[in-house]
Structure formats: C-alpha cells, structure tokens
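# quick one, structure for this:
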Amino acid sequence: MKKLTLIRHAKSSWDDPSLDDFDRPLNRRGERDLPAMAQRVRGFGLVPDRLLTSGAARALSTAEALADTLELDSRQLLILPELYESCYQTLLHQLQQQNDHWHHLMVVGHNPGLENLGYYLTHERLTKFPTAAVMHIHLSVTDWCELAESCGTLELFDYPKKHTKSL
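Presented below is the predicted three-dimensional model:
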C-alpha cells in the first residue's frame, strides 16, 4: 500500500506587485506557521521517501523547511515545474509516473489543484484547504500507476489555525 501527503505552501506575500506570481516569497505569517507545521508533520511520523515540490518560491521555501525538519537527503527532494498552478489531473499524472519503490510521497504545491486531487482520491469534501495545510491519505494501491478515483482514505487533515489559541 502507498501513502500520499499533500501540503499546501505556507502563506505568501502580495506586498510587491512587481513580482511575478511564481516569485512571491512567504509572508510573516507563513514564516511563523512553517516551523510549527513542519514539526507537526514530523510528530505525525509523515516522513516521505520522496518530496515533490513546485518550483515557485513559496512552495520551494515550504518544501526546503520540511526537508530540513524531516532530515531528508537532498536527493529525496525533487522540483517538478509541472506542479506550479497545476490542475488535479496534472498532479495525478505526475504521481502515476513515480517509481514504485517509493512507498510514501509528499507533494508541496498550490490550490485548487491539491484540494481537488485530495477530493478525487478520497471523496472527502473539505470546507477549505488553507495555506500550510497537511492532508495525509492512505492509498489502496500497490503501484503509483494504479492511482484512481476514490482509491484513498483520508487519515489526517491538519492546518495552522487548528492550533491557534482563542483569546
């Protein structure tokens, strides 16, 4: 059986309108939420065999922080240009092409593609998939090429605001 963890990049900045969307960095909240999110991922035991990420600045910053916290080897991190602003079908196709010796894949990317992929695989409708959210799915497949509609079970859904204290 395979495992898949989908992670939306941490909150990004819109402060510089001259920046291309691809180059937008994390904002203060993203920088604040990211270390705690990465520690929770580690605490949940979600250490992937391979981490796939969009090359957009905000996704890459998120993926690199995760890789550091999870103590991944640099060869386990793969930047896939196709993950930037991709629809769920593109994400699905990229996953279906992965080597079957990887048992647990982690994808850091963008919405709405991640949310739609999560729904396609689990048929669990989320109210939203906020920034720095983590969705972990147990897949009833033995090969990545077998990924199909409803082949997964949602095991975990976590995001920063679940951990903010009420004033």
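# quick one: low-confidence parts of the chain?
Applying pLDDT under 70 to the chain flags residues 165-167.
# where do the helices sit along the protein?
Taking DSSP state H to define them, one finds helices in the chain at 28-43, 57-69, 88-96, 113-122.
# the shortest one packs against which elements?
The contact analysis (3 or more C-beta pairs under 8 Å, 6 or more residues apart in numbering; DSSP states H and E) places helix 88-96 against strand 104-109, helix 113-122. All C-beta atoms are positioned from the backbone trio N, CA, C, and that covers glycine.
# can you name the residues in contact with that helix?
The set of residues that contact helix 88-96 without belonging to it, under C-beta atoms under 8 Å, 6 or more residues apart in numbering, is 4, 52, 80, 82-83, 86, 105, 107, 109, 112-114, 116-117, 119-120, 144-145, 147.
# emit the PyMOL select command for whichever of those residues are buried.
To isolate the buried members of the contacts of helix 88-96 in PyMOL, using 16 or more other C-beta atoms under 10 Å:
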select buried, resi 4+52+80+83+86+105+107+109+113+114+116+117+119+120+144+147
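# turn the helices and strands packed on helix 88-96 into TSV, columns for distance to Phe44.
As requested, those are exported to TSV (distance: least, C-beta to C-beta, whole Å):
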stretch	distance to Phe44
strand 104-109	12
helix 113-122	16
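# so which of these is nearest Gln98?
Using C-beta to C-beta as the measure, strand 104-109 is the one of the helices and strands packed on helix 88-96 that comes nearest Gln98, at 6.1 Å.
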